[in-house]
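Chemist: need a structure here:
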Amino acid sequence: SRGLGDVYKRQPMKYPEYAQRLVNVAMMMRNPKNTTTLVGLNVVYDDEDMRRNQEQGQQLLDRMTKYAAAADMSMQTQVRVAANIANGIRHAFKEFRATDVLIGMHMHPEVSQKFWGAFHQSLFNGLNSQIIMARLNQPLPTIRRIKVVVPSRAQFEPGFYRWLERLSRLAENLDCRIAYHGRQDTLTRIRQYELNHHESVRAEYVEMEHWNELPTLAAQIKEDHIFVVVTARKGTVSFKNAMERLPEELTKYFSGKNLMIIFLSLI
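Modeler: Numbers count the residues shown, from 1 in each chain. Predicted structure coming up:
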């Protein structure tokens, strides 16, 4: 796949380890048979600090390019200036013909819709492709389990197999267990895909009848786990009103956890 990794920060040189983990995720999710490159994007505001932030952003991306090259992975980079961060990402996405967006999760202290960050909601509304938000508190090689919550009827969404393929490759490359939580009919479709395409994945399937059971899983998430929430967009077949509470629930119950949120592709 052709992934678009956004490592935007106002002072990007303070976040080389953060950016490196995003690159790690992108490399581990990518199909090794695909010959296209990864894209590292840094978007800076068009303000009085633009030149300084451009230079710092390019230094960070150069460092990530060398890191990817050490793993025999090529990466294109771009530092983009924009008055609106979401628009900058959307335009770059189209220019590079990317397939996925991978961004770091905004860390907002308030329990509110601002959980998504200042520009995330605009990005979700403006892109129909798969968007993955990640908050990784520790290096990926230390991860021992991935726990995934899947909404009912997710198998009817156009992007169902896209995120499933990404997570399967991640579990394979980390050599860790992956547990899917969802309705039985959805789990049956996931199990069939794993057996046909990723037989080596050590997968578990746990029935979860209702989306409101999500907070009860918090006690099961340990430091060396990644908790993944597959969430739908409004107006789609797998969207449910309970998803409106997702920012508050993640803040309240999953603070400090390794977290990944996948917004289903509409195409």
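Chemist: Where do the helices of the stretch 101-250 of the chain begin and end?
Modeler: Using DSSP state H, counting those that start in this stretch, the helices of the stretch 101-250 of the chain run over 120-126, 160-174, 184-197, 246-253.
Chemist: Please identify the most buried of the ones you listed.
Modeler: helix 160-174 (a mean of 21; mean count of other C-beta atoms under 10 Å). Any C-beta I mention is one placed from the backbone N, CA and C, and that applies to glycine too.
Chemist: got the CA coordinates for that helix in PDB?
Modeler: Extracted as PDB, the C-alpha positions of helix 160-174 are listed here (Å, rounded to 0.1, in the frame of the first residue of the first chain):
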ATOM      1  CA  PHE A 160     -13.500  -4.100   5.700                       C
ATOM      2  CA  TYR A 161     -10.700  -6.200   4.300                       C
ATOM      3  CA  ARG A 162      -8.300  -3.200   4.100                       C
ATOM      4  CA  TRP A 163      -8.000  -2.700   7.900                       C
ATOM      5  CA  LEU A 164      -8.100  -6.500   8.500                       C
ATOM      6  CA  GLU A 165      -5.200  -7.000   6.100                       C
ATOM      7  CA  ARG A 166      -3.200  -4.200   7.800                       C
ATOM      8  CA  LEU A 167      -3.700  -5.600  11.300                       C
ATOM      9  CA  SER A 168      -3.000  -9.200  10.200                       C
ATOM     10  CA  ARG A 169       0.400  -8.100   8.800                       C
ATOM     11  CA  LEU A 170       1.100  -6.200  12.000                       C
ATOM     12  CA  ALA A 171       0.400  -9.200  14.100                       C
ATOM     13  CA  GLU A 172       2.500 -11.400  11.800                       C
ATOM     14  CA  ASN A 173       5.500  -9.100  11.900                       C
ATOM     15  CA  LEU A 174       5.300  -8.600  15.700                       C
END
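Chemist: re the thing from before, would you format the helices of the stretch 101-250 of the chain as TSV with distance to Ala86 and mean pLDDT included?
Modeler: Listed next are the helices of the stretch 101-250 of the chain as TSV, based on distance: least, C-beta to C-beta, whole Å; pLDDT from 0 to 100:
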stretch	distance to Ala86	mean pLDDT
helix 120-126	4	80
helix 160-174	21	97
helix 184-197	31	98
helix 246-253	17	89
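Chemist: wait, which of those helices is closest to Gln220?
Modeler: Distance to Gln220, taken as C-beta to C-beta, is lowest for helix 246-253 among these, at 11.1 Å.
Chemist: If you count contacts, what does the closest one end up packed against?
Modeler: strand 225-231, strand 258-263 (3 or more C-beta pairs under 8 Å, 6 or more residues apart in numbering; DSSP states H and E).
Chemist: Which one of these lies nearest to Ser129?
Modeler: Distance to Ser129, taken as C-beta to C-beta, is lowest for strand 258-263 among the helices and strands packed on helix 246-253, at 9.1 Å.
Chemist: In that closest one, which of the residues would be classed as buried?
Modeler: By neighbour count with 16 or more other C-beta atoms under 10 Å, strand 258-263 contains the buried residues 258-263.
Chemist: right, and out of the residues you listed, which lies closest to Thr77?
Modeler: Using C-beta to C-beta, Met260 is the member of the buried residues of strand 258-263 that lies nearest Thr77, at 23.3 Å.
Chemist: what bits of the chain have low per-residue confidence?
Modeler: Scanning the chain for pLDDT under 70 picks out 1-15, 106-119.
Chemist: Ile85 versus the residue located most distally from the centre of it, what's the distance?
Modeler: Taking C-alpha atoms, centre = their mean, the residue of the chain most remote from its mean C-alpha position is Glu48, at 31.0 Å. Distance of Glu48 to Ile85, given as C-beta to C-beta, to the nearest Å: 17 Å.
Chemist: Quick one, which of the helices and strands packed on helix 246-253 gets closest to Asp100.
Modeler: Closest of the helices and strands packed on helix 246-253 to Asp100 is strand 258-263, at 9.5 Å (criterion: C-beta to C-beta).
Chemist: Now tell me what touches that closest one from outside.
Modeler: 105, 124, 130-138, 143, 163, 166, 221, 223, 225-233, 246, 250 (C-beta atoms under 8 Å, 6 or more residues apart in numbering).
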